[in-house]
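Q: Based on what follows, work out the 3D shape:
(one chain, ligands or ions: 1)
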Amino acid sequence: MKDKLNELAAQSAAAIEAADSLEALEELRVRFLGKKGELTAILKMMGKLSAEERPVMGQLANSVRAKLESELETRKKELGEKALEARMKAEALDVTLPGKHVELGHKHPMYIALDELKDIFIGMGFTVLDGPEVELAEYNFDKLNAEEGHPSRDWSDTFYFDNDSRVMLRSQTSPMQVRAMETMPLPIRIVAPGRVYRKDEVDATHSPMFHQVEGMVIDRHVTMADLKGTLNAMVRRLYGENTKTRFRPHHFPFTEPSCEMDVQCHKCGGVGCPTCKGEGWIELLGAGMIHPHVLEMSGIDPEVYSGWAFGIGLERTAMRRFKIADLRLIFENDLRFLTQF
Ligand code: PHE
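A: Purely as a prediction, here's the structure:
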């Protein structure tokens with residue numbers, strides 16, 4: 001019996017040391033110390049011992065039990081710590097790590113300029129209109145007084161979809177004048193921003209796709225003075241109170257008289273420099289009094305109503321507003337450029 005107890009002590013010590021989980025350890029506890037366990041089985045044989053042997057064996061059995069219990073306890077602690085350590089590792093949250101940086105986008109400089117323009121005109125009671133980029137030549141040309149044979153209708157200038165030159169990518173936002181006249185009640189005050197397309201080669205000032213903002217007013221007694229006053233107010237809001245403008249005579253088929261408006265060069269103040277090509281002035285927009293025949297074609301009586309219109313290049317407006325030298329920067333989506341605004 002003594003041998004059995006010693007054997008049990010040795011066996012259990014090795015098994016406990018080898019246990020690699022709390023569950024395995026619990027199984028060992030049941031196996032050695034449980035009611036049907038190995039120690040209990042040995043103790044049951046105590047009855048067969050002599051009176052002298054019994055206390056000696058009892059003492060040995062107790063010390064084996066105590067040793068077993070303390071070994072179990074020690075191993076349990078070890079395994080518990082190990083399990084905790086593993087869990088801590090698995091669930092690690094390092095609160096000292098820097099947070100994840102969320103990149104916030106922002107408005108493209110051209111849309112900043114467009115929003116400023118819209119604000120200015122909405123403030124003056126204008127409505128903002130949207131219109132089709134795929135347009136009928138009828139609206140882009142005919143109803144704007146540019147008859148068959150007009151140079152801008154040429155295939156070398158315009159993107160057509162069909163051989164009859166009826167459907168095209170609009171080459172200007174001016175067809176929105178016609179669309180507004182045909183659908184809106186008088187008086188009319190609109191601005192219509194959007195993309196336009198021309199067969200131009202890409203360079204520092206040209207792109208086959210660019211943006212314009214069309215503006216138009218039709219009412220009784222509207223004059224060229226209203227046009228100049230409105231455009232000057234716009235320019236001062238955009239570029240500053242002291243911005244100087246000048247109006248030069250020009251020709252557009254749908255306005256009479258027609259003009260172009262220049263702003264004094266922001267770089268040289270009018271003396272002449274590379275930015276203004278030595279002119280001292282930078283061309284900003286085309287404008288004029290709406291041709292009576294154009295009013296008539298859209299069903300408006302030119303004896304009662306008159307109106308003006310202008311078309312401003314949006315890229316050019318943004319380039320002047322933010323002093324950008326090359327048009328291509330506006331379209332390239334280079335973040336090194338875009339994040340500067
Ligand atoms: N549509 C003309 C252009 O693209 C500009 C313009 C608009 C001129 C309105 C007069 C009136 O050049």
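Q: Strands along the stretch 201-341 of the chain, start to end?
A: 209-219, 245-252, 255-264, 281-290, 306-313 (DSSP state E, counting those that start in this stretch).
Q: right, so those strands: which one is the most enclosed?
A: strand 306-313 (a mean of 24; mean count of other C-beta atoms under 10 Å). In short, each C-beta sits where N, CA and C put it, glycine included.
Q: Would you check how far apart V196 and the ligand are?
A: 7 Å (C-beta to the nearest ligand atom, to the nearest Å).
Q: Give the partner strands of whichever strand or helix holds that residue in its sheet and their orientations.
A: Element membership for V196, per DSSP states H and E: strand 188-197. The strands beside strand 188-197 in its sheet (DSSP bridges) come out as strand 127-128 (parallel), strand 209-219 (antiparallel).
Q: Switch the ones you listed over to CSV, and while doing so, append mean pLDDT to every line.
A: What follows is those, written out as CSV (pLDDT from 0 to 100):
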stretch, mean pLDDT
strand 127-128, 98
strand 209-219, 97
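Q: OK, contacts around A318?
A: A318 makes contact with P109, M110, I112, A113, L114, I324, I330, according to C-beta atoms under 8 Å, 6 or more residues apart in numbering.
Q: Look up how far K48 lies from the closest residue to it other than its chain neighbours.
A: Spatial nearest neighbour of A318, excluding adjacent residues (C-beta to C-beta, 6 or more residues apart in numbering): A113 at 3.9 Å. Counting by C-beta to C-beta, to the nearest Å, the gap from A113 to K48 is 106 Å.
Q: between these two, which one's more packed in?
A: Ranked by neighbour count (other C-beta atoms under 10 Å), A113 and K48 place A113 first, with 24 against 9.
Q: can I assume that one is in contact with G313?
A: No. Under the criterion of C-beta atoms under 8 Å, A113 is not in contact with G313, lying 10.6 Å apart.
Q: And the residue of the stretch 201-341 of the chain closest to the ligand?
A: Using C-beta to the nearest ligand atom, G311 is the residue of the stretch 201-341 of the chain that sits closest to the ligand, at 2.7 Å.
Q: where exactly do the helices run in the protein?
A: Ranges of helices in the chain, per DSSP state H, are 2-18, 22-33, 38-43, 53-90, 109-123, 137-140, 175-183, 224-239, 292-297, 314-322, 328-332, 335-338.
Q: picking up where we left off before, show me what contacts the residue nearest to A318?
A: Here A113 is in contact with L238, L314, T317, A318, R321, F322 (criterion: C-beta under 8 Å, 6+ apart).
Q: out of those residues, who has the most neighbours?
A: Neighbour max across the contacts of A113 (other C-beta under 10 Å) = T317, 25 neighbours.
Q: Name the nearest residue to it, sequence neighbours excluded.
A: In space, T317 is closest to A113, 5.1 Å off (C-beta to C-beta, 6+ apart).
Q: gap between the one you found and the ligand?
A: Distance from A113 to the ligand, by C-beta to the nearest ligand atom: 17 Å.
Q: With E26 instead?
A: With C-beta to the nearest ligand atom as the criterion, E26 and the ligand are 87 Å apart.
Q: before we move on, what about K89?
A: Distance from K89 to the ligand, by C-beta to the nearest ligand atom: 68 Å.
Q: same question, P187
A: In terms of C-beta to the nearest ligand atom, P187 sits 18 Å off from the ligand.
Q: So what pairs up with the closest residue to that residue other than its chain neighbours in the strands?
A: Among residues not flanking P187 along the chain, D219 sits closest, at 3.7 Å (C-beta to C-beta, 6+ apart). Note on D219: beta-bridge partners by DSSP bridges are S306.
Q: ok, D219 touching I300?
A: No. D219 is not in contact with I300 according to C-beta under 8 Å; the separation is 10.7 Å.
Q: which residues do those two both contact?
A: L186.
Q: Skip the chain neighbours and tell me the closest residue to F141.
A: F141's closest residue in space is R153 (C-beta to C-beta, 6+ apart), at 5.5 Å.
Q: Export stretch 50-62 to CSV, keeping only CA atoms.
A: C-alpha atoms of stretch 50-62 as CSV (Å, rounded to 0.1, in the frame of the first residue of the first chain):
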residue,chain,number,x,y,z
SER,A,50,-3.2,-3.9,11.1
ALA,A,51,-3.8,-1.5,14.0
GLU,A,52,-0.1,-0.5,14.0
GLU,A,53,0.1,0.0,10.3
ARG,A,54,-3.2,2.1,10.0
PRO,A,55,-2.0,5.4,11.5
VAL,A,56,1.3,5.3,9.6
MET,A,57,-0.5,4.7,6.3
GLY,A,58,-3.2,7.2,7.2
GLN,A,59,-0.5,9.9,7.7
LEU,A,60,1.2,8.9,4.4
ALA,A,61,-2.1,9.1,2.6
ASN,A,62,-2.9,12.5,4.1
